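# Make a model of this:
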Amino acid sequence: MYNPTRLHFGRDVIKGLGKAVSEFGNRVLLVYGGGSILKNGIYDQVINQLNAVGMTVWEHGGIRPNPVIEDVDAAAALGRRHNVDVIVAVGGGSVIDSGKAISITIPYQGSGWDFYAGRYKPSTAVPLIAVLTLAATGTEMNPFAVVQNRATMQKLGGRNDLMYPRHSFLDPAYTFSVSREYTAYGIADLMAHCLEAYFDDGDASLSDRFVFSILQEAVVYGPPLLDRLHDYELRARIMYAATAALNRTMTMNGRKNAGDWGVHAIGHVLSLLYDLPHGATLSIAFPAWMKLQAERIPDRIAFLGKNIFGVSTPEETIVELEMFFKSLGCPIRLVQVGISADKKEEILEGMVHNQVSGNYHKLTVADYERILEFAL
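Alright, predicted model coming up:
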């Protein structure tokens, strides 16, 4: 078990940012998204921390919600040109994932996509510090990063221990400005991470219990949070649950593949084709995938339902999961996000092109078709 990220959690933890950055030098590349941090005051707090310790800062804003390799390469070129010592990524999963890809691309003379395509294995990286503004992906405490390439029509995840953030700052108040819609998507995302671990190969009863506990946090605290978006305690509970769901220290031990990830592969195709929010693709894809698997792993699905929803069959489990996603306001069918049945062939082509499958539960083209029938 390995996790080198030092996590700073709680109100006003940003006050420690300057000291953490100072460990690595005084030349900083600051990356962030579309500008919400400029409106809600987070940008000013970060800049004040960096100025207080005498940092020289270069900025790359405009990281897109479904991160693209062009942003990574442009930011890496900026960091390489100015010989930066450390990256500070301020935002949600897309920004921090981009920061990770930038960190391993700066020491490399080519495109960061070479890492995702298997043509480049990093041996060094610029240290990354994360300031989280959206509870969802767990990227703040793991070595994974997802990037898409519109030229090749691929959205791929990569893993390398060099991509663990050195420090991550999590203030639940920094998520107050996240909309109800995207708060719900974050809850769906963290639940999907737990389910990907749970449906992998391996008899790991304690890891199952961690999964159930994190899912119960989401089920219990998610709905009231959506009615009280500025409730610090509820924000804190969901933020911690999202980190715990995918930090490689709790849910994946005893699993053969560190998760199945077949549903995420489906979701990546949907977001690649239609630029859908990641959490929305997962709330659609997971119930559909479970319907495919109901005859193959009925006991596993039923055991999940018993522990989370108090039901006894795989069919009841899937219904309860759909009802919960629906109660959050998350879509559970493609038509709810404007994708009709006439897009089926386009989606199938995207799934074939991206070789969608799980690490444990392998998927065939016939499986793709059944999953899409369930999702439409």
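
# and the residue nearest the centre of the chain, how far is that from Leu276?
Nearest to the geometric centre of the chain sits Thr137, at 2.7 Å (Cα atoms, centre = their mean). From Thr137 across to Leu276, the span is 15 Å (Cβ to Cβ, to the nearest Å). (C-beta placed from N, C-alpha, C; glycine too.)

# And for Leu17?
33 Å.

# ok, which stretches of the stretch 151-300 of the chain are helices?
180-198, 205-227, 232-245, 262-274, 278-293, 298-308 (DSSP state H, counting those that start in this stretch).

# Show residues contacting the shortest one.
Contact partners of helix 298-308, identified using Cβ atoms under 8 Å, 6 or more residues apart in numbering, comprise 195, 198-199, 208, 212, 215-216, 219, 290, 293-294, 311-314, 316-318, 320.

# just the buried members of those residues?
Buried residues within the contacts of helix 298-308, counting neighbours by 16 or more other Cβ atoms under 10 Å: 195, 198-199, 208, 212, 215, 219, 290, 293-294, 311, 314, 316-318, 320.

# Would you mind checking which of those is nearest to Gly254?
Asp208 (8.9 Å; Cβ to Cβ).

# Next up, the contacts around the closest one.
Contacts for Asp208 (Cβ under 8 Å, 6+ apart) come out as 198, 303, 307.

# For the spatially most distant residue from the centre of the chain, grab phi and psi.
Computed with Cα atoms, centre = their mean, the residue of the chain farthest from its C-alpha average is Gly54, at 32.4 Å. Reported as degrees, to the nearest 10, the phi and psi values for Gly54 are phi 70, psi 30.

# surely it meets Asn26?
Yes: applying Cβ atoms under 8 Å, one finds Gly54 in contact with Asn26, separated by 6.0 Å.

# per-residue pLDDT, the residue nearest to Gly305 when sequence neighbours are not counted?
Using Cβ to Cβ, 6 or more residues apart in numbering and skipping residues adjacent in sequence, the residue nearest Gly305 is Thr317, 2.8 Å away. pLDDT for Thr317: 98.

# OK, contacts around Ser177?
Ser177 neighbours (Cβ under 8 Å, 6+ apart): 36, 39-40, 133.

# typed the wrong thing, it's Pro223
Residues in contact with Pro223 (Cβ under 8 Å, 6+ apart) are 327-328.

# Could you check how far it is from Ala173?
From Pro223 to Ala173 the distance is 21 Å (Cβ to Cβ).

# try Trp113
36 Å.

# Of these two, which one has the most company?
Using other Cβ atoms under 10 Å as the criterion, Trp113 and Ala173 rank with Trp113 on top: 24 against 17.

# Now do the contacts for the closest residue to the more buried one other than its chain neighbours.
Counting by Cβ to Cβ, 6+ apart, Trp113 lies nearest to Ile69, which is 4.7 Å off, once chain neighbours are set aside. Residues near Ile69 by Cβ under 8 Å, 6+ apart: 101, 111-113, 116, 147-149.

# and those residues as CSV, adding secondary structure and pLDDT?
As requested, the contacts of Ile69 are arranged in CSV below (DSSP: H, G, I helix; E, B strand; the rest coil; pLDDT from 0 to 100):
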residue, secondary structure, pLDDT
Ala101, helix, 98
Ser111, coil, 98
Gly112, coil, 98
Trp113, helix, 98
Tyr116, helix, 97
Val147, strand, 97
Gln148, strand, 96
Asn149, strand, 96
